[in-house]
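A.B. asks: Kindly generate the corresponding structure for this input.
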Amino acid sequence: KAAKRISGALVDRGVAVLRFDFTGLGESEGDFADTNFSSNLDDLLAAADYLRRTRQAPKLLIGHSLGAGMAASYLSGNGQQGIQGFIAIGLSATAADEKMNSVLALEKIRIPVLDLYGSRDLATVLRSVKARKKAALKAGNSNYRQLEIEGADHFFVGMEDTLNSRIYGWLKTNFEKQPR
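C.D. replies: Take a look at the predicted model:
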């Protein structure tokens, strides 16, 4: 639901958006229990390929929760490939799966990154705040910005306007012309 609200607000401000749900999540078909890292990455690659074939290559990746982790993993393993910015919302880190460790991924990402989380976010998100920032500094990413939204939970319920305002403000600051 958070991604749907964010994409709607960006569209209202004139930013072209392609939003999708991973298999078995949100409005997608299938069973999430049947997915894994590779199949989720395939979903992300298929969405980017669809956009590339029907409009233009994506210039900005925005992910929430699992989507943020998948986007970070994609960017760290495939290079930036024309991607000009990354907005991670509710990004956590896990040592259980090196492929999905956002801290390791952020050590390789050098494009502008906005790392947003709520002060009442999931414990896994809050525990990795300092490590994520340290990883971006290790990468030499001077365009990394980490913002806590006071009072927000993992889904930013009741904080949608604040979240959207922070995202749009970051886009205006980091891109002369917002990615479309």
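A.B. asks: okay, CA-based contacts and neighbour counts for the rest of this
C.D. replies: Will do.
A.B. asks: In three-state terms, label residue 145 for me.
C.D. replies: strand (DSSP: H, G, I helix; E, B strand; the rest coil).
A.B. asks: and residue 65, how many residues sit next to it?
C.D. replies: Residue 65: 20 surrounding residues under other CA atoms under 10 Å.
A.B. asks: pLDDT score for it?
C.D. replies: For residue 65, the model assigns a pLDDT of 88.
A.B. asks: ditto for residue 29
C.D. replies: Residue 29 is given a pLDDT of 84.
A.B. asks: Can you pull up the most central residue in this protein?
C.D. replies: For the chain, the residue sitting closest to the mean C-alpha position, by CA atoms, centre = their mean, is residue 63 at 2.6 Å.
A.B. asks: residues in contact with the one helix or strand in the chain whose mean pLDDT sits lowest?
C.D. replies: Within the chain, no helix or strand scores below helix 2-12, which has a mean of 79 by mean pLDDT, DSSP states H and E. Defining contact as CA atoms under 8 Å, 6 or more residues apart in numbering, one finds that helix 2-12 is touched by 16-19, 63-64, 155-156, 160, 163-164, 168.
A.B. asks: Am I right that the residue nearest to the centre of the chain is in a strand?
C.D. replies: Yes. Residue 63 sits within a strand when classified using three-state DSSP.
A.B. asks: Just give the nearest non-adjacent residue to it, would you?
C.D. replies: Distance criterion CA to CA, 6 or more residues apart in numbering; nearest residue to residue 63, sequence neighbours excluded, is residue 88 at 5.3 Å.
A.B. asks: ok so that neighbour is a strand residue?
C.D. replies: Yes. Under three-state DSSP, residue 88 falls within a strand.
A.B. asks: That one: what's it in contact with?
C.D. replies: 62-65, 68-69, 72, 113-116.
A.B. asks: what is it paired to in the beta sheet?
C.D. replies: As for beta bridges, residue 88 partners with residue 63, residue 115 under DSSP bridges.
A.B. asks: Give me the distance from stretch 110-119 to the chain's centre.
C.D. replies: 8 Å (CA atoms, centre = their mean, to the nearest Å).
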